[in-house]
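> Below: sequence and its predicted model.
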Amino acid sequence: MTILEKIIADKRKEVALKKQLIPTRQLEQSVLFERETRSLAKALREGSGIIAEHKRRSPSKSVINNSLSVQDVALGYETASASGMSVLTDGKYFGGSLDDLLLARAATTFPLLRKEFIVDEYQILEAKAHGADAILLIAASLTRKEIEDFSAFAKALHLDVLCESHNKEELLKSIVPNVDMLGINNRNLKTFEVSIEISKDLVSLIPNDFVKVSESGISSVSAIKELQPYGFEGFLIGENFMKTDDPGASAKEFIEQL
Ligand SMILES: O=P(O)(O)OC[C@@H](O)[C@@H](O)c1c[nH]c2ccccc12
């Protein structure tokens, strides 16, 4: 079993339990359900293109940073002119939570992406109820039908959809009308190997009406400069900022060089 399969198996159990405890109607009654969302795809096209991530730990790196408050990180990223923020909400493998999303929302107004292993529409309602503007779908663990259904469900809630893939087969499966952004994950979620060459190799398969996003393993401004001519307009960066004492200040310094 790969780590991704293990995460997904755990996630299915977690969602089944949560569904019993918090009914969807309770999520729909949340104050944030009424909030007007902001488009992450549009923000990427109009701004710096950086999606800065809050990530305490990961299966590949163990602890990255455990001593910061998510509100401070969120405000720092917004002040740095990141186009949006990715908030990891998985607890078991990434040390995140839906409370992190809620606190990031309370601290900022820029677009927030719920970074989660989505296996059920219920999690999309949770995203909306906790202040997200966009959701992530991971093609490696979804069928084309699920990508179609989940993205249509998200759109109906006015949430943008970033669908990520790591190879040709996953990418072709992700080209569905309700997806706004197609992400290429430079990290193989099965082996953790990272290379930005993956982004360059796959980008030509992405039709023009999708915002192209390169994800993971980006640690220098020169990597961005290398990727931009290939048509990438979004760049998802986590560890490079989170490993420092002040991720917001690191993001600011980075974005000023773009
Ligand atoms: O920390 P990095 O290498 O900059 O990567 C950020 C982000 O791309 C990565 O956390 C990520 C991309 N897709 C994911 C799916 C699940 C969990 C995490 C991820």
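Here it is on my side, so go on.

> Name all residues that make contact with the nearest residue to Asn240 once chain neighbours are set aside.
Excluding the flanking residues, the one nearest Asn240 by Cβ to Cβ, 6 or more residues apart in numbering is Ser219, at 4.4 Å. For every residue, glycine as well, the C-beta is placed using N, CA and C. By Cβ atoms under 8 Å, 6 or more residues apart in numbering, the contact list for Ser219 reads 237, 239-240.

> which of these are close to the ligand?
237, 239-240 (Cβ under 6 Å from any ligand atom).

> now, which of those sits nearest Leu202?
Relative to Leu202, the closest of these is Ile237; by Cβ to Cβ it sits at 18.8 Å.

> you'd agree the closest one is up against Gly49?
No - between Ile237 and Gly49 there is no contact under Cβ atoms under 8 Å: 10.3 Å.

> Around the ligand, pick out the residues from this protein.
With the criterion set to Cβ under 6 Å from any ligand atom, the chain comes near the ligand through 53, 55, 115, 138, 164, 185, 215-218, 236-240.

> Just among the residues you listed, which is most surrounded?
Lys115 (29 neighbours; other Cβ atoms under 10 Å).

> For that one, give the beta-bridge partners.
Counting by DSSP bridges, Lys115 is bridged to Leu88.

> My guess is it contacts Ser86. True?
Yes - with contact defined as Cβ under 8 Å, Lys115 counts as touching Ser86 (4.6 Å).

> Identify the contacts common to these two.
53, 136.

> what ranges do the helices span in the stretch 101-250 of the chain?
Using DSSP state H, counting those that start in this stretch, the helices found in the stretch 101-250 of the chain span residues 121-129, 144-156, 168-174, 197-202, 221-227, 239-242, 247-256.

> for the second one, packing partners?
Read that as helix 144-156. Where contact means 3 or more Cβ pairs under 8 Å, 6 or more residues apart in numbering; DSSP states H and E, helix 144-156 is packed against helix 121-129, strand 134-138, strand 160-165, helix 168-174.

> among these, which is the most enclosed?
strand 160-165 (a mean of 27; mean count of other Cβ atoms under 10 Å).

> how about the nearest residue to the residue of the stretch 101-250 of the chain found nearest the ligand, chain neighbours excluded?
Going by Cβ to the nearest ligand atom, the ligand is nearest to Gly238 of the stretch 101-250 of the chain, at 2.8 Å. Among residues not flanking Gly238 along the chain, Glu53 sits closest, at 3.5 Å (Cβ to Cβ, 6+ apart).
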